[in-house]
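Novice: sequence and computational prediction follow.
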Amino acid sequence: IGIEVHRPGVGHLLIELDKRALNNVRIFCHDAVEVLDRCIPDASLERVLLFFPDPWPKRKHHKRRILQPAFVANVARKLKTGGRFHMATDWEPYAGHMLKAMQSTTDFVNCDASGSYSERPGYRPVTRFERRGQQLGHGVRDLVFQRS
């Protein structure tokens, strides 16, 4: 299941799926918060991947960030026990926000033994946002949490 609100991103995904002859993917071109809330049954997912969401860097826009306490609680409801929530960002302040939000809930346990950021798992693709961030000198932070 893929969820993307940005139509050009969906178009790029469709091209890649066609190139790889993948036909077992379902795509929602809609707001992820609403799709997760209204279309995904509770305790039905093994993994939720949130890669390079818009960091909304201006303080007045922080309320627009997808990673808010209500979203974290909804992800917890949708994941099976033991399921994983993997996030990645190249924006250091947002990485800190993500870590703090995840540490403030009892629904998840950090998979990193030190309680901080995880090493980049091999399954995570290198995205164009990641490449751009690296060109700008931004470090990429991965956060992997397990549903308790």
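Specialist: Structure's in. What do you need?
Novice: for the nearest residue to residue 106 once chain neighbours are set aside, grab the count of nearby residues.
Specialist: Distances taken as CB to CB, 6 or more residues apart in numbering place residue 148 nearest to residue 106, at 7.1 Å, with adjacent residues excluded. Yep, even glycine has a C-beta here, placed from its N, CA and C like the rest. Neighbours of residue 148 under the rule other CB atoms under 10 Å: 11.
Novice: three-state assignment of the closest residue to residue 69 other than its chain neighbours?
Specialist: On the basis of CB to CB, 6+ apart, the spatially nearest residue to residue 69 that is not a chain neighbour turns out to be residue 101, at 6.5 Å. The three-state label given to residue 101 by DSSP: H, G, I helix; E, B strand; the rest coil is helix.
Novice: in this structure residue 101 contacts residue 68, no?
Specialist: Yes - the pair residue 101 / residue 68 is scored as a contact, 7.3 Å apart, by CB atoms under 8 Å.
Novice: tell me which of these two has more neighbours.
Specialist: residue 101 (18 against 15).
Novice: relative to residue 128, how far out is that one?
Specialist: 25 Å (CB to CB, to the nearest Å).
Novice: swap in residue 13?
Specialist: For residue 13, the distance to residue 128 - CB to CB - is 12 Å.
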